[in-house]
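Asker: sequence and predicted structure, then a few things I'm wondering about:
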Amino acid sequence: MFCLNIFQSCDISQEKILDIIIQNEADVSEDFSGYILIIPNEGCHYCIDEAFQFAKKNLNNRQIYFIITSDFDFKRSKVRFSQNELSAKNLIFDTKQVCSKIGLRQNYLILLTLKNGSLESQNNLVPDDVKKNLYQVQKSIK
């Protein structure tokens, strides 16, 4: 079973995290170590632009997953990627709005760090921290 600890900022169980992964057909191993970056479709434009550039550089990197959320549709997000890029295994569009339902949808990026399937940290990235945090992630996933 994909075992995650309770989130620090809200009470989200491992079953709810599994909902995001299973309902959106992501292929993540039970002992996954790496990152999940939750990217809102709307919100801080600077943050979103940085996240999409970062995602494009790291498509198909099995050490990070990108979950894109939206309250409406994903047209604005999908046009940022080529057809080939849209098929990347680590690019997930939360079409069932699971993130919103469980409280993981906001106007800023959320960076989850996992080790052996357990949540180590959740960071809500504010504009001043986005570039620095994504740089640190890039260094660790090579």
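Answerer: Here it is on my side, so go on. Numbers count the residues shown, from 1 in each chain.
Asker: where does the protein dip in pLDDT?
Answerer: Low-confidence segments of the chain (pLDDT under 70): 1-27.
Asker: now the helices: where do they sit in the protein?
Answerer: 14-23, 45-57, 75-78, 83-86, 98-101, 127-141 (DSSP state H).
Asker: who does the third one touch, helix- and strand-wise?
Answerer: This means helix 75-78. Counting contacts by 3 or more CB pairs under 8 Å, 6 or more residues apart in numbering; DSSP states H and E, helix 75-78 packs against no other helix or strand. All C-beta spots, glycine's among them, are computed from the backbone N, C-alpha and C.
Asker: before we move on, the earlier item: dump the helices of the chain to CSV, plus mean neighbour count and distance to Phe66.
Answerer: CSV is the format used below for these (neighbours: other CB atoms under 10 Å; distance: least, CB to CB, whole Å):
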stretch, mean neighbour count, distance to Phe66
helix 14-23, 17, 12
helix 45-57, 17, 5
helix 75-78, 14, 10
helix 83-86, 11, 11
helix 98-101, 18, 12
helix 127-141, 14, 11
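Asker: thanks a lot, see you next time.
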